[in-house]
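Asks: predicted model and sequence follow; I will ask about them next.
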Amino acid sequence: MSYLEGRYNYVIVAVIALLSWWLVKLTIIDSITPQEGVMHSADYFSSGYTKWEMAETGELKTKLLADKMVHYKDDGTIHLDKPVMSFYNAKAPPWVIQSETGVVSADGKTVFLNGKAVVDRVKAEGVTPLTINTSNLKVNPEISYAETADWAELISLPQRTTGKGMKLSYIEPIRVELLAKVRGKYETK
């Protein structure tokens, strides 16, 4: 082997060593950089979550219960497992809305109830009981309003009405509107 061939081999080994060092540095920098999936992570949570809101008169206005609550810092949303929302009125039993899961918007003005949802109000003096079975309900507690584009079933025994899409105003005067494919079963005495 000649003198030039030996130097050439050393140069090749040095270039390979420099490339290896650079690749190791690049790999370490990539592993330190935060990944996109980590960005949407919880900053606090609660098991057995309860939240009360009082009216200006000091009476209970709303109550929210959930098996689990998780707050996400990046978008400000609150995710709920098995939420149960109760809306109180001094003159009638509360409206109770529950679902499988829920998401409260960052501003707290909208609650998206996902999966099967049930809206219920029990019988009382001068109040007819009502149960509404539906899914994927959007609730705006500030204006006592809920809506869905999904199928809905209104049951006030012995009457039963079904339809696709529903709007519900659960403050006096109570207003329930089914939007399409409405069918009913009514009994009179």
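Replies: Sure thing, it's come through. None of the values given here were measured: they were computed from a predicted structure.

Asks: give me the helices and strands touching the host helix or strand of Pro93, please.
Replies: In the assignment (DSSP states H and E), Pro93 maps to strand 92-104. Contact here means 3 or more C-beta pairs under 8 Å, 6 or more residues apart in numbering; DSSP states H and E; on that basis strand 92-104 packs against strand 78-81, strand 84-89, strand 111-121, strand 130-140. The way it works is simple: take the backbone N, C-alpha and C, and place the C-beta from them, glycine included.

Asks: cutoff 10 Å now
Replies: For strand 92-104, the packing partners by 3 or more C-beta pairs under 10 Å, 6 or more residues apart in numbering; DSSP states H and E come out as strand 60-72, strand 78-81, strand 84-89, strand 111-121, strand 130-140.

Asks: name every strand pairing with that strand and say which way it goes.
Replies: strand 78-81 (antiparallel), strand 84-89 (antiparallel), strand 111-121 (antiparallel) (DSSP bridges).

Asks: ok, back up a step: in a markdown table: the helices and strands packed on strand 92-104, plus mean pLDDT, mean neighbour count and distance to Glu177.
Replies: Formatted as a markdown table, those follow (pLDDT from 0 to 100; neighbours: other C-beta atoms under 10 Å; distance: least, C-beta to C-beta, whole Å):
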| stretch | mean pLDDT | mean neighbour count | distance to Glu177 |
| --- | --- | --- | --- |
| strand 60-72 | 92 | 18 | 23 |
| strand 78-81 | 94 | 21 | 27 |
| strand 84-89 | 91 | 19 | 18 |
| strand 111-121 | 93 | 19 | 14 |
| strand 130-140 | 93 | 20 | 12 |
